[in-house]
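Engineer: got a sequence here, can you build the structure:
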Amino acid sequence: MKSIELIFAAILLTLIVCRANADYEAGVNAAFNGDFETAFQEFSIAAETGLDVAQYNLAILYFTGQGVDQDFELAFKWTEAAALQGHINAQFNLGSLYFDGNGIDQSNTHGIDWFESSGKAGHSGAAFALAEMYQKGDRVSKNLVEAHAWAAKAIGNGHEDGLILREQIEEDLNPSQLSQARRLFARWQIEPVSPIDSDQ
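Structural biologist: Just a heads-up that it's a prediction; the model follows:
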């Protein structure tokens, strides 16, 4: 009896996932054709099933006010939902929402946390932004070792300006700091990306 229940549960889950993907694809097609009202409807359905990419796109519609009234709190809600599932673009956007205080109380700490999660997972813009922040002491304490490591991560993530930034930072590092930065970057390459707690 248990195996039959498990089979039915698996079939139901498959149908839900297929439906969510179909709704998401319909939303993408609508958005591509400039029909943001339909895109909003389709993304909403798919987002409610837990599809992270639909949650991410729904958040963008709420943030920009395309196809729906602009609502920063709902933009935050859906960005966070996608970010908690590991969607790296949503993690980057969530960090930006925290930095700017859009839909949530402003918090540099949470913004940095989400940029770090996104950057370590492969987002080139997050890694590059962190390198600049640590280089300049913007929103964080100035730390050239961290700046160099994040610039190296930006290069690894494919940011076209990462190499120039890393070279600039390197000019201000002594040999010991450069060694520390390289070790930090190497550690990031082998350690798994830790999920961020939703209760921040």
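
Engineer: all the strands of this structure, residue numbers only.
Structural biologist: Shown for the chain, no strands are assigned by DSSP state E.

Engineer: flag the shaky bits of the protein, pLDDT-wise.
Structural biologist: For the chain, the stretches with pLDDT under 70 are 1-20, 195, 197-200.

Engineer: if you set the cut-off to 90 instead, what comes out?
Structural biologist: 1-29, 31-32, 191-200 (pLDDT under 90).

Engineer: spatially central residue in the chain, please.
Structural biologist: Gln91 (2.1 Å; Cα atoms, centre = their mean).

Engineer: and the gap between the residue nearest to it when sequence neighbours are not counted and Asp138?
Structural biologist: Nearest in space to Gln91, with sequence neighbours left out and distances taken as Cβ to Cβ, 6 or more residues apart in numbering, is Ser118 at 3.7 Å. Backbone N, C-alpha and C define where each C-beta goes, glycine included. Applying Cβ to Cβ, to the nearest Å, the value for Ser118 to Asp138 is 17 Å.

Engineer: more neighbours: which of those two?
Structural biologist: Ser118 (31 against 11; other Cβ atoms under 10 Å).

Engineer: ok, that one - contacts?
Structural biologist: Counting by Cβ atoms under 8 Å, 6 or more residues apart in numbering, Ser118 touches Ile88, Asn89, Gln91, Phe92, Gly95, Ala126.

Engineer: list the residues that contact the fifth one.
Structural biologist: Neighbour list for Gly95: His110, Gly111, Ile112, Asp113, Trp114, Phe115, Ser118, Ala126 [criterion: Cβ under 8 Å, 6+ apart].

Engineer: hmm, back to that, hmm, the residue nearest to the centre of the chain is touching Ala126, no?
Structural biologist: Yes - shown here, Gln91 and Ala126 form a contact pair, counting by Cβ atoms under 8 Å, at 7.4 Å.

Engineer: what sits in contact with each of these two?
Structural biologist: Joint contacts of Gln91 and Ala126 (Cβ under 8 Å, 6+ apart) are Phe115, Ser118.

Engineer: if we can go back for a sec, roughly how far does the residue nearest to Gln91 sit from Ser124?
Structural biologist: Counting by Cβ to Cβ - Ser118 and Ser124 are separated by 10 Å.

Engineer: cool, Ala47 as well?
Structural biologist: For Ala47, the distance to Ser124 - Cβ to Cβ - is 26 Å.

Engineer: more neighbours, the two?
Structural biologist: Set Ala47 next to Ser124 and count neighbours by other Cβ under 10 Å: Ala47 wins out with 25 against 21.

Engineer: ok, Phe72 - how many residues close by?
Structural biologist: Residues near Phe72, counting by other Cβ under 10 Å: 18.

Engineer: hang on, isn't it packed against Asn102?
Structural biologist: Yes - Phe72 is within contact range of Asn102, at 4.5 Å (criterion: Cβ under 8 Å).

Engineer: pull up the overlap in contacts between these two.
Structural biologist: Common neighbours of Phe72 and Asn102 (Cβ under 8 Å, 6+ apart) are Phe63.

Engineer: quick revisit: closest one to Asn29 out of the contacts of Ser118, please.
Structural biologist: For the contacts of Ser118, the minimum distance to Asn29 (Cβ to Cβ) is 19.9 Å, reached by Asn89.
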